[in-house]
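[1] Turn this into a model:
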Amino acid sequence: MSKLFLVLAAAIAATPATAADYADGAQQSCAQYYPPALLRNGVGGVTSVRFFVTKEGRTKKIQITESSGNTDLDAQAAVCAAHWKYDPMTKDGAATDSLWQAKVVWDPKAAAAAPAH
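    Purely as a prediction, here's the structure:
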């Protein structure tokens, strides 16, 4: 049985995210990690990442599963994903590691308009 979540793409907040905030495959914002030269030149794309969320809510074993077409954007997506925090999945009431995925959308227009962190 699959679970469906309504997800709003937004900048990553300082507070921990929950599974409902960032559903499997949800878009993430990494505007603060946008390489300045690529932002100035209007280079964008979408990087898909897969990772484990640990029982402590941290990300580990981050892998690029689909390239944006730009190695610098892909590298920054991995750096950004390393800073994400989640409420861990639970099984029988105990926190457990889980496999997760997300898309980082590199949109130069949106990033230029985003507030600085």
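
[2] Report the beta-bridge partners for the residue nearest to the spatial centre of the chain.
    Central residue of the chain (C-alpha atoms, centre = their mean): Gln28, 4.2 Å from the mean position. When bridges are called by DSSP bridges, Gln28 pairs up with Val104.

[3] In the chain, mark out all the strands, start to finish.
    Along the chain, counting by DSSP state E, strands occupy 26-28, 45-53, 59-66, 89-91, 94-96, 98-106.

[4] among those strands, which is nearest Ala113?
    The closest of those to Ala113 is strand 98-106. By C-beta to C-beta, the value is 13.6 Å. C-beta here means a position set from N, CA and C on the backbone, and glycine is covered the same way.

[5] Can you give me the buried ones in stretch 81-99?
    Ala81, Trp84, Tyr86, Pro88, Met89, Asp97, Ser98 (16 or more other C-beta atoms under 10 Å).

[6] Now the longest helix anywhere in the chain: buried residues?
    The helix spanning the most residues in the chain, taking DSSP state H as the definition, is helix 71-81. Buried residues in helix 71-81, defined by neighbour count with 16+ other C-beta under 10 Å: Leu73, Asp74, Gln76, Ala77, Ala78, Cys80, Ala81.

[7] Excluding chain neighbours, what is closest to Ala114?
    Among residues not flanking Ala114 along the chain, Ala31 sits closest, at 4.0 Å (C-beta to C-beta, 6 or more residues apart in numbering).

[8] what about the one you found, how many residues close to it?
    The number of residues packed near Ala31 is 22, by other C-beta atoms under 10 Å.

[9] How much space separates the residue sitting furthest away from the middle of the chain from Trp100?
    Here the chain reaches farthest from its C-alpha mean at Asp92, the gap being 26.9 Å by C-alpha atoms, centre = their mean. When distance is defined by C-beta to C-beta, to the nearest Å, Asp92 is 20 Å away from Trp100.

[10] How about Pro36?
    29 Å.

[11] Show me which of those two is the more surrounded one.
    The neighbour comparison of Pro36 against Trp100 (other C-beta under 10 Å) goes to Trp100, with 21 against 7.

[12] quick check, nearest of the buried residues of helix 71-81 to Phe52?
    Distances from Phe52 to the buried residues of helix 71-81, taken by C-beta to C-beta, are shortest for Ala81, at 11.0 Å.
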